[in-house]
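S.K.: Got a sequence here, can you model it:
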Amino acid sequence: MKIADVKARAFSMPLTSPSYPPGPYRFVDREFLTITYRTDMEALRAVVPEPLEVVEPLVKYEFIRMPNSTGFGDYTESGQVIPVRFQGREGGYTHAMYLNDESPIAGGREIWGFPKKFAQPSLMVEKDTLVGRLDMGPIRVATATMGYKHRALDLGKVEAQLKAPNFLLKIIPHVDCSPRICELVEFHLEDLHVKGAWEGPAGIELHSHALAPVAQLPVREVLGATHILCDLTLGLGRVVHDYMADGH
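M.R.: Numbers count the residues shown, from 1 in each chain. You can find the predicted model right below:
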């Protein structure tokens, strides 16, 4: 293979059998269960990187069911998003994500810098309750519950919230394990079509795990929950801060 051919084909690993196709990536019937809870401000400040600012001691714990996604197929993920401010704009910083499909793990980490790790999340309806579970191997890490479709939400307001900026810390190491790329990435959810949105009573439990430390942001008070069904395109994003070039 010629050098020019390598450069032309090198968008993902492995070179001759990429783990995922090029974007954009469309998600149909993407389903969210999001539990908003109050936690400790110092715990948030310990994990949110500058120049992002922690606004309030809040965490949004998400379970996301994705049955139909371009290139990535059918999978589920779970994780924590922290409300932040960047240059005067409110958004969310993705702190942790756990999912059960290799293709979006590779693509999410390589393209955007999503903090994805392999685990076994699930989201399902059990009688009158929407239930999210996260297991790491045989160990239960998180359980979330919400009353099923108790109160409908304004779809326009939900769409506006989903359009807020999202931030990621993308890290690619050099061959000596020093950082080769260390960037703050901003991305948006695009071409949104919110099909339904509801709120209801909610509960969440987080359990200590050495390799899935979601409980390091402890639950002090559950503030609410939303259940959203929508179609969307995952935007490819842009670099808004380069840690390797900031002179510190």
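S.K.: Show me where the chain dips below the pLDDT cut-off.
M.R.: For the chain, applying pLDDT under 70 flags the ranges 247-248.
S.K.: just checking, next helix/strand downstream of the strand or helix carrying residue 30?
M.R.: Taking DSSP states H and E as the definition, residue 30 sits inside strand 25-38. Sequence order places helix 41-45 as the next helix or strand after strand 25-38, per DSSP H and E.
S.K.: gap between that following helix and the chain center?
M.R.: Its chain's C-alpha centre and that of helix 41-45 lie 19 Å apart, by Cα atoms, centre = their mean, to the nearest Å.
S.K.: which of the residues in it are buried?
M.R.: Buried residues in helix 41-45, counted by 16 or more other Cβ atoms under 10 Å: 43, 44. Quick note: C-beta positions are derived from backbone N, CA and C, even for glycine.
S.K.: helices or strands up against that helix?
M.R.: Applying 3 or more Cβ pairs under 8 Å, 6 or more residues apart in numbering; DSSP states H and E, we find helix 41-45 packed against strand 53-54.
S.K.: just checking, what packs against the strand it packs on?
M.R.: Counting by 3+ Cβ pairs under 8 Å, 6+ apart, strand 53-54 packs on helix 41-45, strand 73-86.
S.K.: deepest of those, which one?
M.R.: strand 73-86 (a mean of 20; mean count of other Cβ atoms under 10 Å).
S.K.: what's the angle from it to strand 25-38?
M.R.: Orientation of strand 73-86 against strand 25-38 (axes from the mean of the first three to the mean of the last three Cα atoms, to 10 degrees) gives an angle of 50 degrees.
S.K.: Next, the angle strand 73-86 makes with the helix or strand immediately after strand 73-86 in the chain.
M.R.: Downstream of strand 73-86, the next assigned helix or strand under DSSP H and E is strand 89-99. Interaxial angle, strand 89-99 versus strand 73-86 (the same axes, to 10 degrees): 150 degrees.
S.K.: what about the residue nearest to residue 107 when sequence neighbours are not counted, is that helix, strand or coil?
M.R.: By the measure of Cβ to Cβ, 6 or more residues apart in numbering, the closest residue to residue 107 outside its immediate chain neighbours is residue 20, 4.0 Å from it. Here residue 20 is recorded as coil under DSSP: H, G, I helix; E, B strand; the rest coil.
S.K.: residue contacts, residue 20?
M.R.: Contact analysis of residue 20 by Cβ atoms under 8 Å, 6 or more residues apart in numbering lists 12, 71, 72, 103, 104, 106, 107.
S.K.: Then the first one would be within a helix, right?
M.R.: Right, residue 12. No - going by three-state DSSP, the assignment for residue 12 is coil, not a helix.
S.K.: Residue 108 is in contact with that one, correct?
M.R.: No - contact criterion Cβ atoms under 8 Å: residue 12 and residue 108 do not qualify, at 11.7 Å.
S.K.: Mutual contacts of the two, please.
M.R.: Both residue 12 and residue 108 lack any common contact, where contact means Cβ under 8 Å, 6+ apart.
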